[in-house]
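1. Show me the folded form of this:
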Amino acid sequence: MSNTAATPTPRFTVLTLGVNDMRASIAFYESLGFTRKMRATGEEVAFFETGGSVLGLFPWHLLAADAALPDQPRPAAFHGVAIAWNCCDDAEVDTVMTFALSKGARLLKPAQPTSYGGYCGYFADPDGHAWEVVRAPGFEVRDDRR
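-> Have a look, this model is predicted:
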């Protein structure tokens, strides 16, 4: 018998965000056009189809407890993570930014050319999670949103 274990297949399937107000966060993400799955979970947990993966929302304190991390103190600064919404062109970046801001997102950085030949801006969701809206060279967004 060999001592080497099989190498697991790396995959990214779900990104779960800890949120303060499930009802408000669910409404925000639905207003952005994300389709909610498994509505039977009510406000306990929410899952949204994003194209290639799933966005999950879970009460902040319960997510911390589930991960065996302290709930307090909550970070008041940047969390060290940004979620990317990839776009096909610069005009789509501008459209998404305008749309997200109209739905209650907070502007972090207006869309502008990047040093690597792309175009991006940033907004924050109701809990301060940073979203990058970007057109990046080398990333193709297909009709199936992947």
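2. Now residue 30: which helix or strand?
-> Assigned by DSSP states H and E, residue 30 falls within helix 22-31.
3. correct me, but residue 130 touches residue 79?
-> Yes: at 7.3 Å, residue 130 counts as touching residue 79 under the criterion of CB atoms under 8 Å. (C-beta placed from N, C-alpha, C; glycine too.)
4. Compare those two and say which is more crowded by neighbours.
-> Using other CB atoms under 10 Å as the criterion, residue 130 and residue 79 rank with residue 130 on top: 18 against 13.
5. Report how many residues lie close to the residue lying closest to the more buried one once chain neighbours are set aside.
-> Excluding the flanking residues, the one nearest residue 130 by CB to CB, 6 or more residues apart in numbering is residue 82, at 4.3 Å. The burial count assigned to residue 82 is 15, neighbours taken as other CB under 10 Å.
6. and the helix holding residue 30, what's its mean pLDDT?
-> For helix 22-31, the mean pLDDT works out to 97.
7. May I have that helix as CSV, with CA atoms only?
-> Output of helix 22-31 as CSV, limited to C-alpha atoms (Å, rounded to 0.1, in the frame of the first residue of the first chain):
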residue,chain,number,x,y,z
MET,A,22,-30.1,38.9,6.5
ARG,A,23,-33.3,40.5,5.3
ALA,A,24,-31.5,43.7,4.0
SER,A,25,-28.7,41.7,2.5
ILE,A,26,-31.0,39.3,0.7
ALA,A,27,-33.0,42.2,-0.7
PHE,A,28,-29.7,43.9,-1.8
TYR,A,29,-28.4,40.9,-3.7
GLU,A,30,-31.8,40.2,-5.3
SER,A,31,-32.0,43.8,-6.4
